[in-house]
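Asker: just the structure for this:
(4 chains, ligands or ions: 4)
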Amino acid sequence: MPTTYLEAIREGLSEEMDRDPNVFLVGEDIGVYGGAFKVTAGLLDRFGARRVVDTPISEAAIVGAATGASLMGLRPVVEIQFADFISCAYDQIVNFAAKCRYRWSAGVPIVIRAPSGGGIHGGPFHSQNPETAFTHTPGLKVVAPATAYDAKGLIKSAIRDNDPVLFFEHKALYRRIKEDLPAEDYTVPIGKAAVVRAGADLSIITYGAMVYVALEAADALQQEGISVEIVDLRTLLPLDEETVLASVRKTSKALLLHEDTLTGGLGGELAARISEKVFEYLDGPIVRVAAPDTPVPYSPPLEAAFLPNAVHVAERARWLARY
Amino acid sequence: MPTTYLEAIREGLSEEMDRDPNVFLVGEDIGVYGGAFKVTAGLLDRFGARRVVDTPISEAAIVGAATGASLMGLRPVVEIQFADFISCAYDQIVNFAAKCRYRWSAGVPIVIRAPSGGGIHGGPFHSQNPETAFTHTPGLKVVAPATAYDAKGLIKSAIRDNDPVLFFEHKALYRRIKEDLPAEDYTVPIGKAAVVRAGADLSIITYGAMVYVALEAADALQQEGISVEIVDLRTLLPLDEETVLASVRKTSKALLLHEDTLTGGLGGELAARISEKVFEYLDGPIVRVAAPDTPVPYSPPLEAAFLPNAVHVAERARWLARY
Amino acid sequence: MSALAVDAGLQKLAGTSLRYMTLMREVEERIERKLYRQGKIVGGVYVGRGQEAIPVGAGLAVGPDDVVCPSHRDLAIFLMRGVSVGEIFAQYMGRVGGLTRGRDGNMHMGDMRRNIVAIISAMAASVPVAAGCALALKYKGTQNVALVFFGDGATSRGDWHEGVNFAAVQKLPLVLVCNNNQYAYSTPLAKQMACVNVADRGTGYGIPAEIVDGNDVLAVHEAAVRAVAHARAGLGPTLIECKTYRMTGHSAHDAADYVPPGQREEWAGKDPIDRLERKMIELGWASAEEIAGTRAAIREEIDKAVEWAEQSPFPDASGLTDDVYETN
Amino acid sequence: MSALAVDAGLQKLAGTSLRYMTLMREVEERIERKLYRQGKIVGGVYVGRGQEAIPVGAGLAVGPDDVVCPSHRDLAIFLMRGVSVGEIFAQYMGRVGGLTRGRDGNMHMGDMRRNIVAIISAMAASVPVAAGCALALKYKGTQNVALVFFGDGATSRGDWHEGVNFAAVQKLPLVLVCNNNQYAYSTPLAKQMACVNVADRGTGYGIPAEIVDGNDVLAVHEAAVRAVAHARAGLGPTLIECKTYRMTGHSAHDAADYVPPGQREEWAGKDPIDRLERKMIELGWASAEEIAGTRAAIREEIDKAVEWAEQSPFPDASGLTDDVYETN
Ligand SMILES: Cc1ncc(C[n+]2csc(CCOP(=O)(O)OP(=O)(O)O)c2C)c(N)n1
Ligand SMILES: Cc1ncc(C[n+]2csc(CCOP(=O)(O)OP(=O)(O)O)c2C)c(N)n1
Ligand SMILES: [Mg+2]
Ligand SMILES: [Mg+2]
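Answerer: Ligands and ions are numbered 1, 2, ... in the order given. Take a look at the predicted model:
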């Protein structure tokens, strides 16, 4: 039976909790309630209140406490109820957790799970993609899986990693994406992108829910004879520069796609690396497609216009392919 | 008598306080003590405790209270003691202040002053350049002056602006930079870059203390017959794309320089716009020079190696010019 | 004042309170039990069923020049400031007729012309902002106050602490109204705080704190009147803890299985609207028929308002990027 | 225990306390009044002159398996955990011999092998982290505790509130030690909080809070011993407020003109080291000569340590980008 993206994360969590008694979960409403999205449903019953810790509404304290526990050898997995609230723990993440190893050789093996992204009519504070607030901080790792396979493999890698990992789960994928997963234990390495579709004419570099938008656009373009390669970054920090550059070397054209807003989004970092490192291979401008520079609007027609879609991606890709 | 960068800010503040009774200052140790860097020295005596408000150590409350006061028609100017602590007010800035206008048509005319930057042996928490944590947030404006003239003119524009403005003052420039300033009232517009040196062979796009590093490098290169144009962005959000693109159209080569760390720094956004919009003009890779991806180290030899310097900039510029 | 005059004043207050409490109840019933289920509201829905006495009792203690910062269960505040029922429905349905013109949903709305500050989602973030409003009122030399609402869970947040402390130190004219409904989402009070009462937190800020029956609108009102007077006199903030109960799930999609059996039923007997109605009938302030009539009129008003809201268009995507900054 | 045994225990405690307090004082004098002025220390310098009784009294109440989270005026903690004086100087001078190998400066150091957590600059950020250490100690089924230090000003921060509340709700084995030195940089207590005592804040978390004379090392110790026992018994956190005074500017470059005349002089009479010395001489626990001898020995130790530190090299820039992540 296929496993949903959401179940894949739950399985990853519970398998790691089985494997390592130092792994525990901490967050708001994750125990009795099973989490706002039910990702942790059933885990309190299985593992008890010692390992599934319900907390007050205190994002800074939750992340800070996770950091402290990790310094003592535990492996906390934090749930931020909606990724939007991660901003309340910003200082703890970028200044405390991220900098311990460099400053005083203390590893901080925490995972911070954060359901992010739009498409569920959540409005300005339940739809954001805050990943770029963290991809600028040395010492952090940032992960954003698009498939159930990757979600499970990456949550396991994140838990086993000895540095702080931010794990952005896309809410719109939770129940929409299903796959058959291997029965045996597997991980997906942090720091490795995946070429999810091979193509010749241009590369779309993307991640998260936008992988499906890219695939849809690529299908449409295929019919017009345009062959699109799609790179799913999977890890946003550290970036798998090699895979990105290899794809652009091959296709000579790059379209950078993210759901996060344009200015200051990850597309900038990608464009900089591409334009610096494979400049000679480029046969056209580097094109970015992203959400416009506004808060995420609530009303369905506004939200639909806000989120990048396949029609728009195809249009820009077509332009680029013909360039 | 020349005015220092620090005095220029103080003059700007006090002139605006004279002009508009709704302008007031709020922050830690800014009154009796005159601020950690003495930017507000003397202003308590001149304007009284009603308009120069000393606060508890509560960055979130200070910014939140400023937001509330601004909704009521006042024009608060916040001082964050060191820019590094702005992370403690992150949620209030990016979620409350930045989004009011878009959501419910409420303007938030606050200014947040934040002494930033390295070169004073401040170590990991007194040296950071947190500007890129905010240039990704629609609704904010971000300013970073390099000269005394701009510092005064921009603080005045920031105070008169009807949207939230983050004003990053570079600590290393406070007393090092001096200029003769006009006696009469003047402002420098937000959103306009300045070409601080005209040149033909390549453009260095930079801001803040790095303007001086760029100038030093340009002087050295001049002697080798390489003519460098330098764009001082002055405003980081919204970017003056026109001035940047015009310079690159002219020189066909771009070197992006910032003191902030490389990955996720402003160079990415600039590279993306250049590579998308003036691709055909480019005669070489877009080169970034920035601090390496680490926390800011304390020990002098490490800090010296961390901060971008003219020798390194000149080396990369030379390579690019010859490309 | 003669006892008679006091009585007349109370009777009037009770009448006004009942009207707004009933209006809030009925509007929210329509939202949660009809429009949401019909799919006409697509975002989150949080209602204040059982808690209406709090925004109403406290809200009636201030005037239009005082600032209010409602939280997500204080719908009555909007109604009392003259926001129309149609505008509320339009807001929930993402129409241009809502206070945010579709940009935001549900209780995330405000209007500075009416001195209402819009919340953001992050719990308690409004507390420092409300302190700033109070600071401005004092700065301008007015006698006005700011009134900020929040739940028990919100008091765990750093912003709450910083905002209350800031206001206390600066002796700002701020009234802090807590709806202690004993839950924060699924989290019961004992997992939120180790003190017994939210009011116990007042001590640490050197401000007075009061506990009132949050299901007794007149008691809430009295406490708020005292706190407002304290603030107007320049004596600083007061914390009012209103003991109440959340008679719904956290939001419309929450079945609240985590609530112990019988708890909700017990509190149903303390319904603030029923209680006020009974009292008014007992004291001869209103007849059962009058009360029923008011409710019927409200339902009619609501029917019309829903119609109005449904006629309000969805926002046009062409305006998507407007108003991020001021444009001249 | 016989009175004699108690006395002997106290005498030993006093001796140990005096040694660490004197060592801290002398090390910091050397740092602030010599190395800093000589330009050998280029970054910020914050000392705990006059406050030595707090880290020493509290620090001696725990063992090596308990976790300590010192703040920026608690140098003695490092000395008591066996960090050498030379390592301290090397840390301040940015040499590889310091605990952070030049990556960070002054009191920003830690070492998990010694169960010392390094602060970050943001005041009170360590409080939630300390709560997490306490959580881990409990999780592992130990009887150990975490001890976290902070100033009066730090209690205004949201992180402080969230951390204390979190620990209180979870009944974590955490001891909260406040040095109330009456200033936060230039900000006097009355502009930091509207309650009278930091201890007043305990009520809001449902935890015990105690006020002690922070210049009496034995009093601090006693309170800490009680709090540690409380924590080890699974009864949760205790807040200890140590009343003291900052006998310096905020940092080495602060002349502290904002301090009212006479205040520092008054507190000079309550110096914790002088007091302990007088007491020990009075009770016959030590002679003036012995005490002077200890101090002289310490100064010699310090001279040697400075030499050692100055011989420790500056870090090589080639390692600048190492250790941002774990490398295998
Ligand atoms: C900072 C933050 N974390 C988490 C949430 C998710 N959330 C929304 S409401 C809520 C519970 C709020 O409880 P309380 O303050 O008691 O208010 P109530 O809903 O009971 O009125 C939570 C956890 C949030 N809005 N903000
Ligand atoms: C969040 C934050 N804001 C501002 C500062 C700057 N700062 C450093 S120490 C200090 C005063 C701290 O006062 P207190 O907590 O009483 O400790 P003390 O220095 O008196 O021991 C301030 C404001 C800081 N370190 N962190
Ligand atoms: Mg509640
Ligand atoms: Mg202090």
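
Asker: C-alpha only now, for contacts and for neighbours.
Answerer: Noted.

Asker: the lengthiest strand in chain A and chain C in contact?
Answerer: Criterion DSSP state E: the longest strand present in chain A is strand A:254-261. No. Judged by CA under 8 Å from any CA of the partner chain, strand A:254-261 stays clear of chain C, getting no closer than 11.7 Å.

Asker: as CSV, could you dump the C-alpha coordinates of that strand?
Answerer: C-alpha atoms of strand A:254-261 as CSV (Å, rounded to 0.1, in the frame of the first residue of the first chain):
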residue,chain,number,x,y,z
ALA,A,254,18.6,27.4,-16.2
LEU,A,255,15.2,28.2,-14.9
LEU,A,256,15.1,28.6,-11.1
LEU,A,257,11.8,27.9,-9.5
HIS,A,258,10.6,28.3,-5.9
GLU,A,259,7.3,28.9,-4.1
ASP,A,260,9.0,31.3,-1.7
THR,A,261,8.9,34.9,-2.7
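
Asker: quick check: next helix or strand after it?
Answerer: Once the chain leaves strand A:254-261, the next helix or strand it forms, by DSSP states H and E, is helix A:266-277.

Asker: and residue C:105, how far is that from residue C:314?
Answerer: Distance, residue C:105 to residue C:314, using CA to CA, to the nearest Å: 13 Å.

Asker: so if I had to pick from those two, which one is more boxed in?
Answerer: residue C:105 (31 against 19; other CA atoms under 10 Å in any protein chain shown).

Asker: residues of chain C that sit close to chain A?
Answerer: So chain C meets chain A at C:42-44, C:93-95, C:102-105, C:120-123, C:153-154, C:156-158, C:185-187, C:191-193, C:258, C:314-317, C:320-321, C:324 (CA under 8 Å from any CA).

Asker: can you do 6 Å?
Answerer: C:43, C:94, C:102, C:103, C:104, C:105, C:121, C:156, C:157, C:186, C:192, C:317 (CA under 6 Å from any CA of the partner chain).

Asker: any idea of the pLDDT on the spatially most central residue of chain A?
Answerer: Geometric centre of chain A, nearest residue: residue A:144, 1.4 Å, by CA atoms, centre = their mean. At residue A:144, the predicted lDDT confidence score is 98.

Asker: separation between it and residue A:294?
Answerer: 22 Å.

Asker: would you tell me which one of the residues of chain C next to chain A comes nearest to ligand 2?
Answerer: Distance to ligand 2 across the residues of chain C next to chain A (CA to the nearest ligand atom) is lowest for residue C:157, with 15.8 Å.

Asker: can you count the residues close to the closest one?
Answerer: Look at residue C:157: counted by other CA under 10 Å, it has 26 neighbours.

Asker: residues in contact with the residue nearest the centre of chain C?
Answerer: The residue lying closest to the centre of chain C (CA atoms, centre = their mean) is residue C:74, at 2.0 Å. Applying CA atoms under 6 Å, 6 or more residues apart in numbering or on different chains to residue C:74 gives the contacts residue C:55.

Asker: the stretch 1-150 of chain C: strands as residue ranges?
Answerer: Listed in chain order, the strands of the stretch 1-150 of chain C (DSSP state E, counting those that start in this stretch) span C:67-69, C:146-151.

Asker: in JSON lines: these, plus mean pLDDT.
Answerer: Below are the strands of the stretch 1-150 of chain C laid out as JSON lines (pLDDT from 0 to 100):
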{"stretch": "strand C:67-69", "mean pLDDT": "98"}
{"stretch": "strand C:146-151", "mean pLDDT": "98"}
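
Asker: just give the nearest non-adjacent residue to residue 233, would you?
Answerer: This is for chain A. residue A:193 (4.2 Å; CA to CA, 6 or more residues apart in numbering or on different chains).

Asker: um, chain C though
Answerer: residue C:143 (7.7 Å).

Asker: just give me the neighbour total for the one you found.
Answerer: So residue C:143, with other CA under 10 Å, has 17 neighbours.

Asker: understood, closing this out.
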